[in-house]
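K.L.:
fold the following.
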Amino acid sequence: MSDGCAKLRHVANQGRRLLDRVLAGVPAGESPLTHTEEQPARPAQPVPWPSWAAPPVVSALVERGVAQPWRHQVEAARHAWSGSHVVVATGTASGKSLAYQLPVLSALTVDPKATALYLSPTKALGADQLRSVSALGVPGVRAASFDGDTPMAERDWVRAHANWVFSNPDMLHRGVLPNHARWIRFLRRLSYVVVDECHTYRGVFGSHVALLLRRLRRVAQRYGADPVFVLASATVADPAASAAALLGAPCEAVTEDGSPRAGRTVALWEPPLLDDLEGENGAPVRRSAGAETARILADLVVEGARSLAFVRSRVGAELTALGARRVLSEVDPSLAERVAAYRGGYLPEERRALERAVSSGELLGVATTNALELGVDIVGLDAVVVAGFPGTLASFWQQAGRAGRTEDTDALVVFVARDDPLDTYLVHNPSAVLDKPVEATVLDPTNPYVLEPQLACAAAELPLTPESLASFGGDAALAMVEDMVARRVLRRRPNGWYWTSHDRPHSSVDIRGSGGEQVVVVEADSGRMLGTVDPGSACWQVHSGAVYLHQGESYVVDELDLDSGLAMVHAEKPDWTTTARDTKDISVVRVLEKREYDGVTVCLGEVEVTSQVVGYLRKLPSGQVVDSVPLSLPAQTLVTRAVWYTVSAELLDAALSGTGSPDSSTSDSEVVGSAPGGAGLVPARIPGALHAAEHAAIGLLPLFATCDRWDIGGVSTALHQDTGEATVFVHDGHPGGAGFADRGFNAVVPWLVATREAIAACACPAGCPSCVQSPKCGNGNDPLDKAGGVAVLDVVLGVVGERRHDVRHGHVGHDRSAATRP
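P.N.:
This next block holds a predicted model:
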């Protein structure tokens, strides 16, 4: 097989050939391919080594095969060497690592007392970059890891001797800054801070990291250092502004990519509707993206193509690997052993072993979550399969960029649509994937649910001063500090604000927004710890009866104890998977902005959402629903931000009076061509029509805000107690909001246009998961009226383009516009 792999990577038009092989396995009568595009190769733009680069560093890089750097690498390194904060935002495999290695290693060589810090969002990426630096063997560079996997015995050595520390935001927050007095040697000579994959810092996590970096700069300055920050990012919109918002200081941006790129074939793939199966409420079922991806991955492995399949969830990654191995075992059992799953939640030793197997080529096919999206140096891949849109175009191209990472290798990228409105829209609107600029990062450091705990941590590290508050949000930070003083959390003294407790707050502040300590998954019989789950996801993922997958083995949850943070499981191999369902209620706390039209009002504001997981569905791999099982779990309350629109009864009457019945095979043209009048308003249809419009809008918002469908939620009602009219809400899923609803408010017209197009493009007769059904609907996707949803969106869009009246209610407490305007 190794000889075949070598031969494969030198074949011209390899991407197209691999696609033809995958298509050969499609059953007769199916046509899943909706679009293909050939992307040409890009030549390299090498430049000479800069004169300021330390000779030992250049020699080490040349020995490792880097004859000359590329243009963008030297440009970014020059900015950093001259003392300017810089962000390099270029494509996957463009060598961003060298852009920071060159100035950092040169500084450590020239000044033996200088130090540097590297931060990555994942342990896998940090470990990979540490290996890369260590392999260079530059004299005098003592690089070391300081993360949750670092043995306690090694941590003292790292503090005392390392001059380049590789860590992550979590460890900086919990292990370094609260104990900065023990890091004086390192911090007083801190010359550079590298923030890798900075485009991943968005939403609540990004807002926490933005304030964490401000805390780091403040502590470093306390010891006399003023480090230069070098940020590495995927291609994003306006990287200078995004980096400046993250860092709190101006940044230079380098965006012209001088690296070579192999040609690649990009294919958009929609799994077919299955005639012999029915889903919830009799809806048609598509072959699942996971099952389709497993078959494609197996075909690629048979061809000897080194391939990655990116799957949205941990469970999905496990199931896809299992499916591919099952197919391969019937062809060649030895090939089945060369496929595995890689995801977060594995124990450190399991994760490291898988990383080595992927890098060495021992594994040919890997089904992974985004854990392998971020920078891990896996080269020479022949194909990437993206199972479901990963939430942002930046992530999509980051994943796709794993294919064709060597200059002489054409490659294949396949985007397989899930049963989801956004995926349906994208595979039928290729330009939205292939031609649209990537998104700007959304973060809001002045979110009060982020700002208060970060200010508490900052005050516990060093007293807050009026000058330092400017970097933490200015007036918003001052107002928050005064409130904390009133509650005796802080104490005001002439020279600043002081933390009042003997206990530091850091351990109670979860910067990833998961809501506290992880829930531990334990095998009841053996007491073996299998993994962890975020507390905010526990009711969804490890409720009683849930199927939990770990390293290809399936378990069923016996009990979830939220108080003790334990989920007890036993080994079992059921034929089904589980999907939790919740119910939800919403109330308006405050209207922040309002746009009034003739019969339609669009609002942005603060809301209180009460939700409760009430049961779960058991589904066969085909998507067929076996049954619904009730649960009794505690309700959870969330105060956050939402965008909502109201529709008057008169407009609803006009919208629904001429449409077909909700269970008819009404075509898109019939809906568009219907005229008001005729049968008149059917009140029973209103909830289903609004419900359909709500579900599809949730699915399409990630196209306009850098979020995931699971980062947001929604509620629709024919008569809401706070608005007095039919209302559709879409809300952020994080306390205080993460900026997603704000993006929806600012882009309401294109957002709703795309929502309407996604519903209309779906070939199902009356609604399915690809258009208006939601995988997390607590009402069992009932009622849903596909035709009515299109009609409601038509009438709303018919008036929102007219002259509007903008109303702003009071002062929000801080200016959010910079973080939320598209």
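K.L.:
now the element after the host helix or strand of Gly15, going C-ward?
P.N.:
In this assignment (DSSP states H and E), Gly15 forms part of helix 14-24. Later in the chain than helix 14-24, the nearest helix or strand by DSSP H and E is strand 33-39.
K.L.:
beyond that following strand, next helix or strand please.
P.N.:
Using DSSP H and E, the helix or strand that follows strand 33-39 in sequence is helix 55-63.
K.L.:
ok so, going back, got the buried residues for the helix holding Gly15?
P.N.:
14-19, 21-23 (16 or more other C-beta atoms under 10 Å). From N, CA and C alone the C-beta is placed, and that goes for glycine too.
K.L.:
adding distance to Pro453, write those out as TSV.
P.N.:
TSV is the format used below for the buried residues of helix 14-24 (distance: C-beta to C-beta, whole Å):
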residue	distance to Pro453
Gln14	51
Gly15	48
Arg16	52
Arg17	54
Leu18	49
Leu19	49
Arg21	52
Val22	48
Leu23	52
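K.L.:
which residue ranges of the stretch 401-550 of the chain form helices?
P.N.:
Remark: helices assigned in the stretch 401-550 of the chain by DSSP state H, counting those that start in this stretch are 421-428, 431-434, 448-461, 466-471, 475-486, 535-541.
K.L.:
any idea of the mean pLDDT for the shortest one?
P.N.:
Pointing back at helix 431-434 there. The pLDDT scores in helix 431-434 average 90.
K.L.:
tell me what it is packed against?
P.N.:
Judged by 3 or more C-beta pairs under 8 Å, 6 or more residues apart in numbering; DSSP states H and E, helix 431-434 is in contact with helix 421-428.
K.L.:
one more time with 10 Å
P.N.:
Contacts defined by 3 or more C-beta pairs under 10 Å, 6 or more residues apart in numbering; DSSP states H and E place helix 431-434 against strand 33-39, strand 264-269, helix 393-400, helix 421-428.
K.L.:
same question for the first one.
P.N.:
Helix 421-428 makes packing contacts with strand 33-39, strand 264-269, strand 411-416, helix 431-434, helix 685-700, helix 748-761 when contacts are defined by 3+ C-beta pairs under 10 Å, 6+ apart.
K.L.:
between those, which gets the lowest average pLDDT?
P.N.:
Among the helices and strands packed on helix 421-428, helix 431-434 scores lowest, with a mean of 90.
K.L.:
list the buried ones in that one?
P.N.:
Neighbour counts over helix 431-434 (16+ other C-beta under 10 Å) mark 432-434 as buried.
K.L.:
which of those residues sits closest to Val195?
P.N.:
Ranked by distance to Val195 (C-beta to C-beta), these are led by Val433 at 27.6 Å.
K.L.:
go ahead and confirm that closest one touches Leu268.
P.N.:
Yes: with contact defined as C-beta atoms under 10 Å, Val433 reaches Leu268; the gap is 7.0 Å.
K.L.:
next one: the strand or helix carrying Ser207 to chain centre, how far?
P.N.:
Secondary structure assigned from DSSP H and E places Ser207 in helix 203-222. Here helix 203-222 is found 20 Å from its chain centre; the criterion is C-alpha atoms, centre = their mean, to the nearest Å.
K.L.:
and the spatially closest residue to Val533 that is not a sequence neighbour, how far from Ser145?
P.N.:
Using C-beta to C-beta, 6 or more residues apart in numbering and skipping the chain neighbours, the partner closest in space to Val533 is Val519 (4.7 Å). Using C-beta to C-beta, to the nearest Å, Val519 is found at 26 Å from Ser145.
K.L.:
ok, back up a step: could you report the neighbour count for the residue nearest to Val533?
P.N.:
Val519 has 25 neighbours, counted by other C-beta atoms under 10 Å.
K.L.:
hmm, it is touching Ser537, no?
P.N.:
Yes: if you go by C-beta under 10 Å, Val519 and Ser537 touch, sitting 8.3 Å apart.
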